[in-house]
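A.B. asks: Here is the input, now give the coordinates:
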Amino acid sequence: MIFTVYITSVYCITASKGLEQNKNVPAQNIMYTSLFSTVLADSLFPPMRTVYVVSESQLEQIKRKQRQEELENLEASRKRLEETYQSRIKIIDEREHELQEELKGLAQAEKKTELSAEKAQTSTDKA
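C.D. replies: The predicted structure is shown next:
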């Protein structure tokens, strides 16, 4: 996530990935009053966020790059979803075909039992 603060045609960006630090901006602008506060601050609290100062054109490039990455992620996600969808349809179609074949087999077996029952009935009626 990018947090921006507008400062007279210069933007300050914090907590963003992939940005290189400007050589003119020190890595950590923290001033401690004593050794105790240094140890206390470094051990008990998470490290301070690095602040990058960039121009408007650099900010636009960063935004464009982020949008492009998001678009690529969406396209990859769509492709994975379509592949998963197609594989599930194939599995469902195969199962449907198996069930239809089983039903045909059961229907034929049922007709055979009905015919044999009718033959038995007619043979007992004749006797």
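A.B. asks: Now do the top helix by length along the chain, average pLDDT.
C.D. replies: Using DSSP state H to define each element, the chain has its longest helix at helix 56-126. The average of the pLDDT scores along helix 56-126 is 91.
A.B. asks: counting contacts, what elements does it pack onto?
C.D. replies: strand 10-14 (3 or more C-beta pairs under 8 Å, 6 or more residues apart in numbering; DSSP states H and E). All C-beta atoms are positioned from the backbone trio N, CA, C, and that covers glycine.
A.B. asks: make it 7 Å
C.D. replies: The criterion is 3 or more C-beta pairs under 7 Å, 6 or more residues apart in numbering; DSSP states H and E, and there are no helices or strands that helix 56-126 contacts.
A.B. asks: can I assume Val53 sits in a strand?
C.D. replies: Yes: under DSSP: H, G, I helix; E, B strand; the rest coil, Val53 sits within a strand.
A.B. asks: what pLDDT does Met31 get?
C.D. replies: 53.
A.B. asks: re earlier: between the longest helix of the chain and strand 51-55, how many degrees?
C.D. replies: Computed by axes from the mean of the first three to the mean of the last three C-alpha atoms, to 10 degrees, the angle separating helix 56-126 from strand 51-55 equals 110 degrees.
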